[in-house]
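Undergrad: Dropping the sequence and predicted coords here.
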Amino acid sequence: MDRPVTSAAPFAFDVLGRAPDVEAENLQAYDSADRLLLDTAADDLMSAESGTVSVIGDAYGALTLGAAALHGLHGLRVQQDPLSGELALDANARALGLEGAYSHHGLDRSLVAGARVVLLRLPRSLDALEEIASLIARDADPAVRVYAGGRLKHMTTAMNGIFARYFGSVSAGLARQKSRILTVSAPLPALDHPAPRFPLAAAYDVGLPAPLQLRARAAAFGGAALDPGTRFLLPHLAHARDAAQAVDLGCGNGAIAAYLALTRPAARILASDQSEAAVASTALTLEANGVAGNAVVRRADALSWLSDASQELVVLNPPFHIGATVHAGIALKLFADAGRVLQSGGELWTVWNSHLAYKAALNRLVGPTRQVARNPKFTVTVSTAR
């Protein structure tokens, strides 16, 4: 039987911001699924002891700060894959005077060990959901109750099936404002769990002496697949300038970083991404290709860890979405930061969906830009920094 939904005192969702992520009129720091999650879990949150509540996938802090403000909770353990989400949560917490209510964690045992209540924003990837479900079932308190919510347009019945592999009870609540909550409990014994499948693994022929090995945590965008834009870009990198150091900006599963390390053995490779899963995946990919010693991998907001005019070569396959929303703002932010760190005469090599027509923005934010290659879907360009 579904648990009744209870209403808590109002929480000022509208004061939450997204910065340093892109702010725009059509982009919010919360949605109706956050509200419904807090309402549905209110009884358990009201009686929870501090240190027994975990929050997974909180976009900008609505769940974490809502639970802290509405129920006086402390010791909340929070995992957010994007670094921008962590930074936004911290900024929102300072504005609300709730800095001490939570701590950041990776997607590992420290996040859920002994947890009795878990608030989860459902990821769109079933692989990512399975990685999370298996972690909770293995390491949380046997009495744990998981409240997993999302927007109806991103939910499928396959999600119920994923939870059923690891838990004895899975029920769906009533929809509200195009959102729904799954309530999950009764972890199954570890011996009944499916065999571990992570990290994901694949190999690709990209014209090197040996196949390019890709490894990925489940939440990494695209998993262990070779993105078609990246596949189109890679052979053209042979024409990029010689550089003692090359940067893979937005490294994802590490395909570009590993290719650069394999084809430029004398160069030092710097790879960064704001995604926890991407950084972990890139490290695994570099190790699988035997080039981990040639590279440094960093979780960072764009290239904030590198100084102005310090680099000769940056390579980028930019995202065209922020979370589930298609938005050009993130690509423009990355172009601008690449322009900042490049020395005069340095190069930004990038591949993008041709219909996005980024050439004018690249001319403005980096420097003179020329088309290197184009196929029916993708365009490769090189921009020379002023």
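TA: Structure received. Numbering: from 1, shown residues only.
Undergrad: I figured residue 318 hits residue 333, correct?
TA: No - assessed by CB atoms under 8 Å, residue 318 is found out of contact with residue 333, at 9.2 Å. In this view, the C-beta of every residue, glycine as well, is placed from N, C-alpha and C.
Undergrad: For residue 34, which three-state class applies?
TA: Secondary structure, DSSP: H, G, I helix; E, B strand; the rest coil: residue 34 is helix.
Undergrad: my guess is residue 76 contacts residue 67, does it?
TA: Yes - if you go by CB under 8 Å, residue 76 and residue 67 touch, sitting 6.2 Å apart.
Undergrad: And the two? Which one has more around it.
TA: residue 67 (29 against 25; other CB atoms under 10 Å).
Undergrad: Check the secondary structure at the more buried one for me.
TA: Applying three-state DSSP: residue 67 is helix.
Undergrad: And the pLDDT for it?
TA: Looking at residue 67, its pLDDT is 97.
Undergrad: next one: residue 319
TA: The predicted local confidence for residue 319 is 85.
Undergrad: Am I right that it is in contact with residue 222?
TA: No - contact criterion CB under 8 Å: residue 319 and residue 222 do not qualify, at 10.5 Å.
Undergrad: Am I right that residue 184 sits in a helix?
TA: No - Residue 184: not assigned to a helix; according to three-state DSSP it is strand.
Undergrad: Over to the residue nearest to it when sequence neighbours are not counted. Which of the three states is it?
TA: Nearest residue to residue 184, sequence neighbours excluded (CB to CB, 6 or more residues apart in numbering): residue 146, at 4.0 Å. Following three-state DSSP, residue 146 is assigned to strand.
Undergrad: low-scoring pLDDT stretches of this structure, where are they?
TA: Residues of the chain meeting the criterion pLDDT under 70: 1-9, 320-328.
Undergrad: mind listing the strands for the stretch 1-150 of the chain?
TA: 53-56, 76-79, 102-104, 117-121, 145-151 (DSSP state E, counting those that start in this stretch).
Undergrad: Tell me how this protein divides into domains.
TA: Here the domain parsing of the chain from automatic domain parsing is 13-192, 200-384.
Undergrad: got the end-to-end distance for the shortest one?
TA: Same thing as domain 13-192. 41 Å (CA to CA, to the nearest Å).
Undergrad: do the same with the longest one
TA: Its start and end residues considered, domain 200-384 measures 36 Å (CA to CA).
Undergrad: next one: stretch 221-236
TA: Using CA to CA, one end of stretch 221-236 lies 23 Å from the other.
Undergrad: Residues touching it, excluding its own?
TA: 125, 127, 199-202, 204, 206-207, 212, 214-216, 252-253, 255-256, 259, 275, 278, 281, 315, 317, 319, 349-353, 372-373, 375, 377-378, 380 (CB atoms under 8 Å, 6 or more residues apart in numbering).
Undergrad: Residue 205: neighbour count?
TA: Neighbours around residue 205, by other CB under 10 Å: 9.
Undergrad: The residue nearest to residue 184 against residue 186, yeah?
TA: No - at 10.3 Å, residue 146 does not count as touching residue 186 under the criterion of CB under 8 Å.
Undergrad: so what sits against both of those two?
TA: Common neighbours of residue 146 and residue 186 (CB under 8 Å, 6+ apart) are residue 167.
Undergrad: Which one's more surrounded, these two?
TA: The neighbour comparison of residue 146 against residue 186 (other CB under 10 Å) goes to residue 146, with 29 against 14.
Undergrad: give me the beta-bridge partners of the more buried one?
TA: On the basis of DSSP bridges, residue 146 is bridged to residue 118, residue 184.
Undergrad: how far away is it from residue 51?
TA: Note on residue 146: its distance to residue 51, by CB to CB, to the nearest Å, is 17 Å.
Undergrad: beta partners of the nearest residue to residue 354 once chain neighbours are set aside?
TA: Distance criterion CB to CB, 6+ apart; nearest residue to residue 354, sequence neighbours excluded, is residue 379 at 4.6 Å. Here residue 379 sits in beta bridges with residue 352, residue 374, going by DSSP bridges.
Undergrad: can you give me the helices in this structure?
TA: 32-40, 42-47, 62-71, 83-96, 109-112, 126-139, 157-164, 228-233, 255-263, 276-288, 329-341, 359-365 (DSSP state H).
Undergrad: Can you name the residues in contact with stretch 289-304?
TA: By CB under 8 Å, 6+ apart, the residues outside stretch 289-304 that reach it are 20, 83-84, 87, 212-213, 247, 249, 251, 254, 257-258, 261-262, 265, 267-276, 279, 282-283, 286, 305, 314, 333-334, 337-338, 340-341.
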